[in-house]
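[1] below is the structure, and that's it, no one-letter string:
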Ligand SMILES: C[C@](O)(CO)[C@H](O)COP(=O)(O)OP(=O)(O)OC[C@H]1O[C@@H](n2ccc(N)nc2=O)[C@H](O)[C@@H]1O
Ligand SMILES: Nc1ncnc2c1ncn2[C@@H]1O[C@H](COP(=O)(O)OP(=O)(O)OP(=O)(O)O)[C@@H](O)[C@H]1O
């Protein structure tokens, strides 16, 4: 018997970052939107814990116990006194180290899949608690839709979304390390008064209305200057998307994937074609959000 779970990628439509905390993390006002790029995690009983991965970026995914999917299985097994003897297979479509929470998606997916496989019947609350232990983005991967993340991003409040938003994502030629981007944020803001992060009410209203133009006017990412500082060529990709008529252009989370909000599905195809032709990125995908969170599919 196997269990398969499908888990979405995310884009941060607002990422307000506070000053570094004593534990090194940063308080955030993090508005997540799940989008329709998915990883699929399948778990099957095995003699011992094993991870395999397929997909264009599979070579960059660690297959040892540092893989977030393996860690999820280990944490759940430890809590129940079980042996995490399971084969975890990841069908990876979310770019690796792209700022779209790919590893987090696999952590949430493996947790839900192992819970179903082992019949451990963890409550939603316990699942969210384990997710928060695995990483700041992991709780959102479980719930999907749209949510405001506070604290280090793990405390979630579900947000209402009144329509479908059309997006184009441009994948970069290399990845960026999330801790390195936060460190660069610290360097760039050294000596400055970094305000407390707060959510933007016009942005929440735009989401609730499903209004792409209002959303475009309100999106922001405080990590964008840090990502651009470490990866200056991303400015060319952003400029190409803007020239092609995207309503808003931004770096997705810690980057280097860049995100382009389009007026509608037709306009997204035009932006995608122009980005592909621009030669400023590795590949381009069109999709929409919100997308559902981690879901058992078989
Ligand atoms: C950039 C975002 O993707 C936006 O959603 C997240 O804030 C990052 O979430 P994540 O990859 O799940 O991050 P974690 O695995 O929890 O932390 C990785 C590293 O990122 C930095 N980090 C992360 C989250 C946060 N609120 N403050 C931080 O400073 C820390 O250096 C931490 O050691
Ligand atoms: N299941 C996994 N898939 C991909 N990377 C993983 C996984 N588990 C651990 N990692 C490690 O995590 C690093 C970051 O990968 P990931 O794809 O999660 O980045 P990201 O999408 O930028 O994360 P985020 O948006 O949450 O900051 C990788 O370089 C890899 O070493």
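    Thanks, I have it. Owing to the predicted nature of the structure, the values given are computational and were not obtained by experimental measurement. Ligands and ions are numbered 1, 2, ... in the order given.

[2] hey, let's count contacts and neighbours off CA atoms from now on
    OK.

[3] shouldn't residue 96 be in contact with residue 175?
    Yes. Residue 96 sits in contact with residue 175 when judged by C-alpha atoms under 8 Å, with a separation of 7.0 Å.

[4] higher neighbour count, those two?
    Legend: neighbour count by other C-alpha atoms under 10 Å for residue 96 and residue 175, higher for residue 96 (22 against 18).

[5] the more buried one sits in which helix or strand?
    Following DSSP states H and E, one finds residue 96 outside all helices and strands.

[6] mind pulling up the pLDDT for it?
    Predicted confidence (pLDDT) at residue 96: the value is 91.

[7] same question for residue 28.
    At residue 28, the pLDDT recorded in the model is 98.

[8] same check on the one 3 residues further on?
    The predicted local confidence for residue 31 comes out at a pLDDT of 98.

[9] ok, the nearest residue to it once chain neighbours are set aside - contacts?
    Leaving aside its chain neighbours, residue 31 sits nearest to residue 148 (4.5 Å; criterion: C-alpha to C-alpha, 6 or more residues apart in numbering). The contact partners of residue 148, by C-alpha atoms under 8 Å, 6 or more residues apart in numbering, come to 29, 30, 31, 32, 155, 156, 157, 158, 159, 199.

[10] write the ChimeraX selection for whichever of the residues you listed are buried.
    Isolation of the buried members of these (16 or more other C-alpha atoms under 10 Å) is achieved in ChimeraX through the command below:
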select :29,30,31,32,155,156,159,199
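
[11] show me which residues of the stretch 1-150 of the chain sit near ligand 1.
    Taking C-alpha under 6 Å from any ligand atom, the part of the stretch 1-150 of the chain that reaches ligand 1 is made up of 24, 25, 26, 27, 28, 99, 101, 135, 136, 137, 138.

[12] tell me how many other residues crowd the last one.
    Using other C-alpha under 10 Å, the number of residues around residue 138 comes to 27.

[13] going forward, begin numbering at 43 instead of 1
    Will do, 43 is the new start, and the previous item becomes residue 180.

[14] please tell me I have it right and residue 180 contacts residue 152.
    No. The pair residue 180 / residue 152 is not scored as a contact, 11.1 Å apart, by C-alpha under 8 Å.
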